[in-house]
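Colleague: Provide a 3D model corresponding to the input given below.
(2 chains)
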Amino acid sequence: GENVEQHPSTLSVQEGDSAVIKCTYSDSASNYFPWYKQELGKRPQLIIDIRSNVGEKKDQRIAVTLNKTAKHFSLHITETQPEDSAVYFCAAHTRGSWGKLQFGAGTQVVVTP
Amino acid sequence: GAGVSQTPSNKVTEKGKYVELRCDPISGHTALYWYRQSLGQGPEFLIYFQGTGAADDSGLPNDRFFAVRPEGSVSTLKIQRTERGDSAVYLCASSRSIAGGITDTQYFGPGTRLTVL
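Modeller: Numbering: from 1, shown residues only, chains lettered A, B, ... in the order given. Prediction:
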């Protein structure tokens, strides 16, 4: 089955700097890659997603890139703000696996003022 | 509109007891998922419903776990003879129907924190 690895596990950045989180997946049939943000004690919330027919997607300060050949995708947050502090999860969906998402282990992002 | 809701928010039980966790999906969402999240980990898939039927229950850890969705809306996750290792946050998510291998955005509920003493 699909396996998703996420790095780094923790990331500390100064406010205003950029943050990059990387994920790799194992199943070349994976076709959908969402990113979720989870604040302490709260539900995971979708922040951006990308499908396999697109190489890059941007939404204001957040962008995701996908390299299908290398089977990895990355989340980029620019001009980080303290409210960006949270745990971020990447996930992958494999075509034919119904709606099942395979999640990475998460990245704890801390933005210091 | 209303998001996915789950009850109870917290459940403390004793080892060996039976528990039921409820999920109310977003109105009109035919796809419903259950995930389990242990401390410091990402959500782990348990089961997926399309309408009333469980289309994929490959993530259920053993036969103590069972889930139903009798009318295609509310779902209940049932755990028999609970064990301390079942302690986790149980998350429910819903999405519009999927077709052709293309999934849609999954919206998560706030979760039920289960503690087995």
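
Colleague: first vs last residue of stretch B:76-93, how far apart are they?
Modeller: 13 Å (CA to CA, to the nearest Å).

Colleague: Correction: the previous question concerned stretch A:76-88.
Modeller: 11 Å.

Colleague: Look up the closest residue to the residue in chain B positioned nearest to chain A, ignoring the ones flanking it.
Modeller: At 3.1 Å from chain A, B:G42 is the closest residue in chain B, using CB to the nearest CB. (C-beta placed from N, C-alpha, C; glycine too.) Once flanking residues are discounted, B:G42 sits nearest to A:F103: 3.1 Å by CB to CB, 6 or more residues apart in numbering or on different chains.

Colleague: Pull up the pairing partners for the lowest-mean-pLDDT helix or strand in chain B, direction included.
Modeller: Ranked by mean pLDDT, DSSP states H and E, the weakest helix or strand in chain B is strand B:53-56, scoring a mean of 89. Within its sheet, and counting by DSSP bridges, strand B:53-56 is paired with strand B:44-50 (antiparallel).

Colleague: which bits of chain B sit near chain A?
Modeller: Counting by CB under 8 Å from any CB of the partner chain, chain B comes close to chain A at B:4, B:31, B:33, B:35, B:40-45, B:48, B:50, B:55-56, B:58-59, B:91, B:95, B:98, B:101-111.

Colleague: And those residues, which of them are buried?
Modeller: By neighbour count, with 16 or more other CB atoms under 10 Å in any protein chain shown, these hold B:4, B:31, B:33, B:35, B:42-45, B:48, B:50, B:56, B:59, B:91, B:95, B:98, B:103-104, B:106-111 as buried.

Colleague: residue ranges with poor pLDDT in chain B?
Modeller: B:1, B:98-102 (pLDDT under 70).

Colleague: Find the residue at the geometric middle of it.
Modeller: B:W34 (2.8 Å; CA atoms, centre = their mean).

Colleague: related to what we said a few turns ago, the residue nearest to B:G42 touches A:V4, doesn't it?
Modeller: Yes - A:F103 is in contact with A:V4 according to CB atoms under 8 Å; the separation is 6.4 Å.

Colleague: any residues in contact with both of those two?
Modeller: The contact sets of A:F103 and A:V4 overlap at A:90-91, B:42 (CB atoms under 8 Å, 6 or more residues apart in numbering or on different chains).

Colleague: any idea how far A:A70 is from chain B?
Modeller: 21 Å (CB to the nearest CB, to the nearest Å).

Colleague: Dihedrals phi and psi, that residue?
Modeller: When read as degrees, to the nearest 10, the backbone of A:A70 gives phi -90, psi -10.

Colleague: got it, and B:G85?
Modeller: According to degrees, to the nearest 10, B:G85 has phi -70, psi -10.

Colleague: residues in contact with the residue nearest to B:G42?
Modeller: A:F103 neighbours (CB under 8 Å, 6+ apart): A:4, A:36, A:89-91, B:42-44.

Colleague: Go again with 10 Å.
Modeller: A:4, A:6, A:23, A:34, A:36, A:44, A:89-92, B:35, B:37, B:41-45 (CB atoms under 10 Å, 6 or more residues apart in numbering or on different chains).
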